[in-house]
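> 3D, please:
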Amino acid sequence: MPFLGSLIFVAVAAMATALLFRRLGLPGARLVGGLVVGIALGPTVLGRVAPERWTEIMMGGTEWRTAVHDTEREHAAWRFAAAAVPLSIEEIELEAERHRLEILPMRLALREAEKRHARPWVMVTVLTAIGAAASGGLIGRPRRSAAVLDGHRPFHRADLADAAAVGAWAAMVPILATILAFTFLGYGAWDATTLLAAAAVGIGAWTLDPIDRRLAGGRSARRQILRAGTFTTLVAAGLIVAAAWRGQAGWGIVGVALLPIVLSGTRFARRWPARQIRDFILLPSLAAFTILRSEFLLETPWLLTICLIAIAGDGRWLGWFFGLLFSGHEYGRGRGPTLEAAEAADSASPTPGHETAAASVLQNSLRRSLAALDTAGPQLVVAGTAVALGLIGPGIAMALAISATTLDLTAPFRRRFAQSLK
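The predicted structure is shown next:
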C-alpha cells in the first residue's frame, strides 16, 4: 500500500528532524520536528509542488475527483453559453437542478472513496496517540507511602480536597476561556469541536518533568500537583464524553486521555525507556500525522490559533496559580516547612511575620503553577485522535498543534523564570 508506506516515511522523517533539532539545541524539538515535516509533506508544500501526485497518494479518490471536476467544468461552460441565449428562468432553474442531481452522487462517491483511503492514516494516528499516552503513563510517578510525606505530617483526606480544588481551577479557567473564544468567533458553545478543543487545552500533564519536579519543591508538593493534574484530566475526559455524545463518535478518545492515569504507578513503569520512546519516536510522529492533511496557509484559523496559544499557556498558568493560591494548598493546615522557614526568617527581618508568610505563599504558588505546564503532549494526543476520527476539522487540528508546540518552545523561558523565584 503506497499510502501506508508514505505514512512510515513521514514518521521516520519526523523522528529524524526532531533528533536533528534536539542536537542543534532547539527548544521543543519533539513537536517542532513533527510540525515542520507535516507542513513540508502536506498540502502546504508538497501538495503545491506535486499536487496531482500528492492528492493521489494522500487523499485518494482520483477517478471520482476527476469526474467531479469535469462535470463542474461542463456545467460552467453551459452557464457561460446560456448567458448568450435568451432562456426563461424556468429553463435555467430546471437545468441547474439537473446539474445538481448529476453531480451529487459523484461527490458522495468521492467522499466515500476518500474515507476508505484515509483508514490507514486514521489507524496509524490513533495508535500513535495511544502509544504516546501509554508511554506518558509508563514514565511513572513518585511512589512513596501515602502515610508520610516529607516527614513532617501525615497525609490527610483534606489533601485530596485541596488537590481537587486546585485541579478544578486548573481545568476550568482554560476550558471556559476556550469556550468563550470559540463562541466569540462564531462556533457553537456546545458543539463537539468546541468541547474537544476545550478538553485538549484543559487536560492535565501526564507527569512532572525532572526539571519541573525540582521547581515544584518538596515531595508533598509534587504529589499534590500530580493529584490535581489527575483531577484536571478527569474534567477534560468529561468534556470528551460530552463531545463524543454530541458528535455520535469518538468514544475511544476518553480511554486515550485517561490511559496515563491508568498506567501510572504500575510496577513496571520505571523499567521501560518510556520517556525516550515518547519524545523521540511517538510525539514527533503524532505531530506530523495530526497536520499531514491540513493546509497551513489557507485552513488555519489564525485568530483562533492566537487565542489558543494564549489560553494553553497563560490560561493554564492562571488556573493553576489561582487554584494553588485560593485552595490553601499545603499551607492551610499544620506548620509546613515553607511557613516555618518564613517564621524563622522573620526573627531577623523587620517585615511583619504575616506579610513574610503571605509573600512566601504567593511566590511558591507562582513557581509551582509554572511547574505544572508540561501539557503539550496530552494536548497533541487529544487533537490528533479527534482529527483522525473526524470530530474536529484540519484547521482546528492545526491550531491545537501549533499551540501545543508553542508550549514546548516556551518551556525553557518558563522554567528559567520559575527558577528565579526559588
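
> run a quick neighbour tally on S420.
Here the number of neighbours of S420 (other C-beta atoms under 10 Å) works out to 8. C-beta here means a position set from N, CA and C on the backbone, and glycine is covered the same way.

> that one: what's it in contact with?
Contacts for S420 were tallied using C-beta atoms under 8 Å, 6 or more residues apart in numbering; there are none.

> give me that answer again for 10 Å
R367 (C-beta atoms under 10 Å, 6 or more residues apart in numbering).

> dihedrals phi and psi, it?
Per-residue torsions, S420: phi -70, psi -20 (degrees, to the nearest 10).

> for it, give its distance to A164.
30 Å (C-beta to C-beta, to the nearest Å).

> repeat for H117
45 Å.

> one more: I396?
For I396 relative to A164 (C-beta to C-beta), the value is 30 Å.

> and for Q363?
24 Å.

> of the two, who's got more company?
Neighbour count, other C-beta under 10 Å: between Q363 and A164, A164 has more, with 19 against 13.

> skip the chain neighbours and tell me the closest residue to the more buried one.
Leaving out its chain neighbours, the residue that sits closest to A164 by C-beta to C-beta, 6 or more residues apart in numbering is F231, at 5.1 Å.

> pretty sure that neighbour sits against G202.
No - counting by C-beta atoms under 10 Å, F231 stays clear of G202, with 11.3 Å between them.

> give me the common contacts of the two.
Common neighbours of F231 and G202, using C-beta under 10 Å, 6+ apart, are 170-171.

> quick one, which of these two is more surrounded?
G202 (31 against 20).

> how far away is the more buried one from A383?
13 Å.

> who touches the closest residue to L215 other than its chain neighbours in this structure?
Nearest residue to L215, sequence neighbours excluded (C-beta to C-beta, 6+ apart): A371, at 4.0 Å. Under the criterion of C-beta under 10 Å, 6+ apart, the contact list for A371 reads 205, 208-209, 211-217, 221-222, 225, 320, 414-415, 418.

> narrow these to just the buried residues.
205, 208-209, 212-213, 215-217, 221-222, 225, 320, 414-415, 418 (16 or more other C-beta atoms under 10 Å).

> run through the residues that contact the most centrally placed residue in the chain.
For the chain, the residue lying nearest the average C-alpha position, counting by C-alpha atoms, centre = their mean, turns out to be Q379 (1.8 Å). For Q379, the contacting residues are 31, 197, 199-203, 205, 236, 308, 312, 316, 400-401, 403-405, 407, by C-beta under 10 Å, 6+ apart.

> again, only this time at 6 Å
Residues in contact with Q379, defined by C-beta atoms under 6 Å, 6 or more residues apart in numbering, are 200, 404.

> give me the low-pLDDT residue ranges for the stretch 101-250 of the chain?
Within the stretch 101-250 of the chain, the segments meeting pLDDT under 70 span 140-158.

> quick one, helices of it?
Along the stretch 101-250 of the chain, the segments classed as helices by DSSP state H, counting those that start in this stretch run 119-138, 157-184, 192-202, 210-216, 219-247.

> how about the stretch 301-422 of the chain?
302-310, 316-326, 337-346, 353-371, 376-388, 394-420.

> relative to helix 219-247, how tilted is the fifth one?
Our comparison of helix 376-388 with helix 219-247, counting by axes from the mean of the first three to the mean of the last three C-alpha atoms, to 10 degrees, yields an angle of 10 degrees.

> mind checking how far I130 is from M123?
11 Å.

> quick revisit: so which of the helices of the stretch 301-422 of the chain is the most packed in?
Mean neighbours per residue, mean count of other C-beta atoms under 10 Å, is largest over the helices of the stretch 301-422 of the chain for helix 376-388, with a mean of 29.

> how far off helix 119-138 does it point, in degrees?
160 degrees.

> kindly export helix 376-388 (C-alpha atoms) in PDB.
Taking Å, rounded to 0.1, in the frame of the first residue of the first chain, the C-alpha atoms of helix 376-388 are listed here in PDB:
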ATOM      1  CA  ALA A 376       2.000  19.800  25.200                       C
ATOM      2  CA  GLY A 377       2.000  16.000  24.800                       C
ATOM      3  CA  PRO A 378      -1.500  15.400  26.200                       C
ATOM      4  CA  GLN A 379      -3.000  18.300  24.200                       C
ATOM      5  CA  LEU A 380      -1.500  16.800  21.000                       C
ATOM      6  CA  VAL A 381      -2.800  13.400  21.800                       C
ATOM      7  CA  VAL A 382      -6.400  14.700  22.100                       C
ATOM      8  CA  ALA A 383      -6.000  16.800  19.000                       C
ATOM      9  CA  GLY A 384      -4.500  14.000  16.900                       C
ATOM     10  CA  THR A 385      -7.100  11.400  17.900                       C
ATOM     11  CA  ALA A 386     -10.000  13.900  17.400                       C
ATOM     12  CA  VAL A 387      -8.900  14.900  13.900                       C
ATOM     13  CA  ALA A 388      -8.300  11.300  12.900                       C
END
